[in-house]
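**Q** Here you go, sequence then predicted model.
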Amino acid sequence: MFTHDIILIGGGGAGLRAAIAAAEQSSKLSIAVVSKVYPMRSHTVSAEGGTAAVMRDTDSLDLHAKDTIFGADFMADQDAVEVFIKEAPGELIQLEHWGCPWSRDADGRVSVRAFGGMSVDRTCFAADKTGFHMLHALFQTSQKYDNIARYDEFYVTSLLADDGKVRGVAAINIYNGRLEAIAGKAVILCTGGGGRIFPFTTNAAIKTGDGMAMAYRAGVPLKDMEFVQYHPTGLPGTGILITEGSRGEGGWLKNKDGYRYLQDYGLGPPTDTPVHRKMELGPRDILSRCHMQEYAKGRTFEGPYGHYVHLDLRHLGEEVINKKLPFVRELASKYVGIDPVYEPIPVRPVVHYMMGGVHTDMNGSAPLEGLYAAGETACVSINGANRLGSNSLTECLVFGARAGRAAVQYAAAQGAPSSQRLEALARDEQQRLDRQFLRKEGGKEKIAVIREEMQKAMEDGAGIYRKEEDMKRTCQLLRELRERFSNIAIEDRGDVFNTQLTAALELDFMLDVAEAVAHSALNRKESRGSHTRTDFPKRDDENFLKHTLAHRTPDGPRIDYLPVTITRWQPEERKY
Amino acid sequence: MAEPTITLKVARYRPGKDSAPTMQTYSVPYRQDWVVLDALNHIKDQIDGTLSYRWSCRMGVCGSCGMMVNGVPKLTCAAFLRDYPSQEIRVEPLAHFPIIRDLVIDMSDFLDKLKSVKSWIVRKVEKPVAEGEYRQTPAELEAFHQFTQCINCMLCYAACPVYGLEPEFLGPAAIALGYRYNMDSRDQGKDLRREVLGSHHGAWECTFVGECSEVCPKDVDPAAAIQRTKVDLAKDWFKSVLLPWGAR
């Protein structure tokens, strides 16, 4: 058995920030980062456009808070938002000190750009590879802390809880197939979201909601899971993200008639140079719906991968594109054969981010002693019903650091975990894995088939537009898939790097997350932020200005609610 | 009309069972917009669930899916089937690394080397966050920016003949990252890195074949970083020999 003070699950932006925050509390503390991939492979790497904070005198904390709360359609907890906004600038400066190669103004300050739903330029960026540079800066910096131990390519299968407290994790060492108990006084989940429950997503293969499902299984509710963000500009076919930064720099969205259609949806008037919160700088939920409306009107293009519109960057010119959006040029050229200097890029809405997640307070603490969560895995909530672009990287830093520090404080008052008890728990977990996967004979169901059917059910019932009968069917289908999953076929019985086993474990987790999303959506009979119901098209503050909590039961999710914290910003109609 | 197909010959190796890697042949659909990784995923999902390989972002930035494709190190998420008109594609694990299983290599040596060059900002005294950001002009950023683009995919190690013969060689990516921090206006760690970069297995071991820069999917040009590191090291050496103590 391995023993540490603090265990991080996941080595992306939130996980590494939390690890460093914990490591800096005391060199005597032992911190473990346990991840199913090497940290620099984590999905933070794919974030492009930037990370928001109040960095200029022309901006203010209140303005960033107001934009965030407005963008969230008033579902964000305003006390948490205020903490977030206040700590954001310090976190970005810290990352600057750790070597992040931010793009710079002529005077040497970190540059800021416009982003959707933000009233001023406040999104810091490193060209259009912000997440990549942040992740590598965090990872490389983490190497200098001798008290951070890494368990690279260890797949955590469950939390180990003893006497009502989380005391460690069970993890498969992917190199040799051995299940190890890793003991710790506190565990922080930083495993990202679960966009892979949908068929068409910007999310990497590893985004399978593992941490959300593990918390859910341990009795922790998942909060606001119905709020799934579609990003309006993904490449057809692959779903590769084309950053909102391309619209921040002045890109236009056009329908098949070459018309900037957003002006027809209250986002106008169109201007040649971008205006904050208007047109292409509207928030993601609204822009994705506008796309679907254009499709309904027959004004989108039709291609082998469905309907799409054009993102036109040509007027920005080659120099701006090369300087500010080189990755967009590389991705469009490589994956759809379009050079944006000369041709518009085909784009369509794509599942991008989960506002919901493990229910935590603003210290990342979950309602299970010893358990914390941060980043996309968690729902604090600062993102409410719709996250503003460039708030999520900052969220990883602010709440990663807060969770790291809070976990250290909690751990200081805890005794050492009982190794006997933990080893017994790990043996139970080994037996479960043997029974369900490794020693099971005669399974008939294929992983890829169940995964595809789940993804289709989610798209059909829990997509951009939702209605009762579709969601009910999706809930029913997910139950049937859960049944069928118990008959899963595992042909690979090898110990070393058995990726069929990990794929099955990921699917197992995804089925739980998908059910939480579908049931939370079914029960929210209103339209708010990203959750749009054709049968309940209006926001209903009287009945639904409250967080959803989904609890796991053997018969499926049980839903209850929690009040939203309103401090200084009273709900009003959300118009841009 | 039957769907066109293409043949993939894929290296298989099961530790404890196989004494050496063997090649297994699969027939997969040929699609214009498919990359080699799509073909591998097709095999994994539809034909043979026991094939193991690493992948994640499928957009050329996470660095997981590097393999030898027809003998050349490639990111398989960026290697299109249409660019291999021979109708047969050979997929093998990255050269020069120990094989763990099938297409999965052991990358722990690279991780050790990355750490050995102190690939982080070194300061004599840390600046408190309250004092704000370091100012860095666009020109100062430009001095090292190219070398920040490394995604740690290790294609350069698989292409480097020196690393193939001498695994102790620090190698292209690690030297480039050491150089990246040396050139960062915020950094003060150059003296500490000299010991590693200038060691017997450091930059001097490079014979300037240039294959690393050829295969780099992100145009990092590690060969240039290595040559500039040699120039820096030589300058430092001359300074230490020729200049009086006070001027060093």
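**A** Received it, and whenever you're ready, just let me know what you need.
**Q** For A:Q229, give its distance to A:H519.
**A** Per Cβ to Cβ, to the nearest Å, A:Q229 is found 19 Å from A:H519. Quick note: C-beta positions are derived from backbone N, CA and C, even for glycine.
**Q** again but with B:A224, I slipped
**A** 56 Å.
**Q** helices or strands next to the strand or helix carrying A:A518 in the packing?
**A** According to DSSP states H and E, A:A518 maps onto helix A:499-523. Counting contacts by 3 or more Cβ pairs under 8 Å, 6 or more residues apart in numbering or on different chains; DSSP states H and E, helix A:499-523 is packed against strand A:154-162, helix A:210-217, strand A:222-223, helix A:447-461, helix A:468-485, strand A:546-551, strand A:558-563.
**Q** Sheet-wise, list the partners of the next helix or strand after the fourth one with their directions.
**A** Pointing back at helix A:447-461 there. Next helix or strand after helix A:447-461 toward the C-terminus (DSSP H and E): strand A:465-466. Paired strands of strand A:465-466, with direction, are strand A:532-533 (parallel) (DSSP bridges).
**Q** what comes into contact with the next helix or strand after the strand it pairs with?
**A** On the C-terminal side of strand A:532-533, the nearest following helix or strand under DSSP H and E is helix A:541-544. With Cβ atoms under 8 Å, 6 or more residues apart in numbering or on different chains as the test, helix A:541-544 has contacts from A:F74, A:R524, A:K525, A:E526, A:R528, A:P571.
**Q** now with 7 Å?
**A** Helix A:541-544 is touched from outside by A:R524, A:E526, A:R528, A:P571, with contacts defined as Cβ atoms under 7 Å, 6 or more residues apart in numbering or on different chains.
**Q** pull the longest helix from chain B.
**A** Longest helix in chain B, counting residues (DSSP state H): helix B:222-242.
**Q** Summarise which helices and strands it is packed against.
**A** helix B:172-182, helix B:190-197, helix B:211-215 (3 or more Cβ pairs under 7 Å, 6 or more residues apart in numbering or on different chains; DSSP states H and E).
**Q** if you set the cut-off to 10 Å instead, what comes out?
**A** The helices and strands touching helix B:222-242, judged by 3 or more Cβ pairs under 10 Å, 6 or more residues apart in numbering or on different chains; DSSP states H and E, are helix B:155-159, helix B:172-182, helix B:190-197, helix B:211-215.
**Q** What residues of it count as buried?
**A** By neighbour count on 16 or more other Cβ atoms under 10 Å in any protein chain shown, the buried set for helix B:222-242 is B:P222, B:A223, B:A224, B:A225, B:I226, B:Q227, B:R228, B:T229, B:K230, B:D232, B:L233.
**Q** Send me it as PDB with only the CA atoms.
**A** In PDB, the C-alpha atoms belonging to helix B:222-242 read as follows (Å, rounded to 0.1, in the frame of the first residue of the first chain):
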ATOM      1  CA  PRO B 222      15.000  21.200 -31.700                       C
ATOM      2  CA  ALA B 223      18.100  20.900 -33.900                       C
ATOM      3  CA  ALA B 224      18.400  24.700 -33.900                       C
ATOM      4  CA  ALA B 225      18.000  24.800 -30.100                       C
ATOM      5  CA  ILE B 226      20.800  22.200 -29.800                       C
ATOM      6  CA  GLN B 227      23.200  24.200 -32.000                       C
ATOM      7  CA  ARG B 228      22.500  27.400 -30.200                       C
ATOM      8  CA  THR B 229      23.000  25.700 -26.900                       C
ATOM      9  CA  LYS B 230      26.400  24.500 -28.200                       C
ATOM     10  CA  VAL B 231      27.300  28.100 -29.100                       C
ATOM     11  CA  ASP B 232      26.200  29.300 -25.700                       C
ATOM     12  CA  LEU B 233      28.200  26.700 -24.000                       C
ATOM     13  CA  ALA B 234      31.300  27.500 -26.100                       C
ATOM     14  CA  LYS B 235      30.900  31.200 -25.300                       C
ATOM     15  CA  ASP B 236      30.700  30.500 -21.600                       C
ATOM     16  CA  TRP B 237      33.800  28.300 -21.800                       C
ATOM     17  CA  PHE B 238      35.800  31.000 -23.700                       C
ATOM     18  CA  LYS B 239      34.700  33.600 -21.100                       C
ATOM     19  CA  SER B 240      35.800  31.400 -18.300                       C
ATOM     20  CA  VAL B 241      39.200  30.900 -19.900                       C
ATOM     21  CA  LEU B 242      40.000  34.200 -21.400                       C
END
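**Q** distance of the most centrally placed residue in chain B from chain A?
**A** Closest to where the C-alpha atoms of chain B average out (Cα atoms, centre = their mean) is B:M154, at 2.4 Å. Computed as Cβ to the nearest Cβ, to the nearest Å, the B:M154 to chain A distance reads 11 Å.
**Q** helix, strand or coil for B:F147?
**A** helix (DSSP: H, G, I helix; E, B strand; the rest coil).
**Q** so what's it up against?
**A** Counting by Cβ atoms under 10 Å, 6 or more residues apart in numbering or on different chains, B:F147 touches A:101, B:173, B:175-184, B:220-222, B:224-225, B:228.
**Q** same thing with A:H43?
**A** Counting by Cβ under 10 Å, 6+ apart, A:H43 makes contact with A:10, A:12-13, A:37, A:131, A:135, A:191-193, A:195, A:202-207, A:375-376, B:56-57, B:61-62.
**Q** Now a PyMOL select for only the buried ones of those.
**A** In PyMOL, a selection of the buried entries from the contacts of A:H43 looks like this (16+ other Cβ under 10 Å):
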select buried, (chain A and resi 10+12+13+37+131+135+191+192+193+195+202+203+204+205+206+207+375+376) or (chain B and resi 56+57+61+62)
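**Q** Give me the subset of the contacts of A:H43 lying in strands.
**A** Secondary structure from DSSP state E places none of these in strands.
**Q** I'd guessed A:D67 sits against A:N386; true?
**A** No. Taking contacts as Cβ atoms under 10 Å, A:D67 lies outside contact range of A:N386: 11.6 Å.
**Q** Show me the helices in the stretch 101-250 of chain A, by range?
**A** Shown for the stretch 101-250 of chain A, the helices assigned by DSSP state H, counting those that start in this stretch span residues A:130-142, A:210-217, A:245-248.
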